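Trainee: sequence first, then the predicted structure:
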Amino acid sequence: MNQLNKKDVVLGLGEIMSEELSKLSPTQQKYLLSNKERLGELALNSFVEFTKKSLKEKKSIFLKGFAVFDVQKRETRKGRNPRTQEEIIIPEHLAPRVRFLQSFKSEIAKL
C-alpha cells in the first residue's frame, strides 16, 4: 500500500481547492477568501474528498504527529439481523480506519 505524507496531502488539497475556486466568479472567489467560515468549510471538504479518493486507491495517509488513515480488509463473517434475529453472511470488504499516533495520544492525555 502506498503511503502519502503531509506534502502529498497539501498538494492534493491545493489541487482540489484551486479546482473548486476556478468554478467561481472573481467576486465569489474574493468573498470566499475573505470569509473565514466559508474558507474553513472549503478546506475541510477538500480534505475529506482527498481522503476518500486516496483510500479508494488503497493509499494510506500519514500525518506526522497526528494519525494514519488507511483501509483494512475485513474477512467474510457471520452476523445477525437485530430486528429478525436471522443469521446473515457479511461479505469480505474494505473498511476505513484511523489510527492516532502515540505522540498525539500523549498530548491529549496531558489535558
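Mentor: Done, it's in.
Trainee: where along this protein do the strands fall?
Mentor: 2-4, 59-63, 67-74, 77-80, 87-90, 93-100 (DSSP state E).
Trainee: would you agree Gln72 is in contact with Arg97?
Mentor: Yes: if you go by CB atoms under 8 Å, Gln72 and Arg97 touch, sitting 4.7 Å apart. Heads up, the C-betas are built off the backbone N, CA and C, glycines and all.
Trainee: who has more neighbours out of these two?
Mentor: More crowded of Gln72 and Arg97, by other CB atoms under 10 Å: Arg97, with 13 against 10.
Trainee: contacts only, for Glu57.
Mentor: Asn2 (CB atoms under 8 Å, 6 or more residues apart in numbering).
Trainee: going forward, the N-terminal residue is numbered 506.
Mentor: That works, and once the first residue is 506, the last one we named lands at Glu562.
Trainee: local confidence estimate at it?
Mentor: pLDDT recorded at Glu562 is 94.
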